[in-house]
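>>> dropping a prediction and its sequence here:
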Amino acid sequence: MRIVGGKFKGLHLATPADQSTRPTSDRVREAVFNILVHGIAGLKLEGTRVLDLFAGTGALGFEALSRGARYCQFVDENTEARGLIRTNADKFGVIGQCKIWRRDATDLGPCAPLPKFDLIFADPPYGKGLGEKALVSLVQGEWINAGGIVVLEEIEKADISEVAGLTLIDARSYGETKVRFYRFGSPPV
């Protein structure tokens, strides 16, 4: 696994020794960022605040930092995953641009007093209903800036109910993976 774009392009990520963590493939990550920047969202990554839920190796968050994000908060309950994120943050020299939290992504609580986030990735273990719970937690805890984008990666056959405040703006399938793109509220005027 490697970073596919930006200033860290081509650098390899530390990955788990076993299959306990399922990192987002290089191909899917590249497609997601192309859609974010050149497609539906027209997102400017420079200066954004990113939240990476169920972070695993941190591949999505590090990809965002590589492409100009200002800050990334990584959230994962797994000890090995947090260690991998720390190793990768050291390798890329971005320790000062990120925080690593041990927290349940389906029960985040309130965001305040932290500033809200512009771009949120949620890549839960497939088929366990955790993605939808994380979306609800994000909205209820007020973690997303108006106009912010949430990217949910789940198994293709997962049935995700509508979450008040989030509008599905695109969905793409890659094999058994389905990536859904949501916008929160309206963008600031």
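Sure thing, it's come through. Since this is a predicted model, take the numbers as computed values, not measurements.

>>> how near is G61 to K157?
Separation of G61 from K157 (Cβ to Cβ, to the nearest Å): 26 Å. The way it works is simple: take the backbone N, C-alpha and C, and place the C-beta from them, glycine included.

>>> now do the helices in this structure.
26-38, 59-66, 79-92, 130-140 (DSSP state H).

>>> let's have those helices in CSV, adding distance to S161 and mean neighbour count.
Conversion of the helices of the chain to CSV gives the following (distance: least, Cβ to Cβ, whole Å; neighbours: other Cβ atoms under 10 Å):
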stretch, distance to S161, mean neighbour count
helix 26-38, 22, 17
helix 59-66, 23, 28
helix 79-92, 27, 18
helix 130-140, 6, 21
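
>>> give the closest residue to the one residue sitting closest to the centre of the chain in space, chain neighbours not counted.
Per Cα atoms, centre = their mean, the C-alpha nearest to the average position across the chain is that of F121, at 1.9 Å. Counting by Cβ to Cβ, 6 or more residues apart in numbering, F121 lies nearest to L60, which is 4.2 Å off, once chain neighbours are set aside.

>>> check the gap between that neighbour and D76 for me.
12 Å.

>>> what does R102 give?
Distance from R102 to D76, by Cβ to Cβ: 7 Å.

>>> then L108?
Applying Cβ to Cβ to L108 and D76 gives a distance of 13 Å.

>>> got the contact list for the residue nearest to F121?
T24, R29, V32, D52, F121, D123, V151 (Cβ atoms under 8 Å, 6 or more residues apart in numbering).

>>> so the last one bridges to which residues?
In other words, V151. F121, F181 (DSSP bridges).

>>> with the fourth one instead?
Residues found in beta-bridge contact with D52 (criterion: DSSP bridges) are F74, F121.

>>> which residues touch it?
Counted by Cβ under 8 Å, 6+ apart, D52 has contacts G58, L60, G61, A64, C72, Q73, F74, V75, I120, F121, D123.

>>> kindly reformat those residues as JSON lines containing distance to G93.
As requested, the contacts of D52 are arranged in JSON lines below (distance: Cβ to Cβ, whole Å):
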{"residue": "G58", "distance to G93": "14"}
{"residue": "L60", "distance to G93": "18"}
{"residue": "G61", "distance to G93": "15"}
{"residue": "A64", "distance to G93": "15"}
{"residue": "C72", "distance to G93": "13"}
{"residue": "Q73", "distance to G93": "18"}
{"residue": "F74", "distance to G93": "16"}
{"residue": "V75", "distance to G93": "21"}
{"residue": "I120", "distance to G93": "24"}
{"residue": "F121", "distance to G93": "21"}
{"residue": "D123", "distance to G93": "24"}
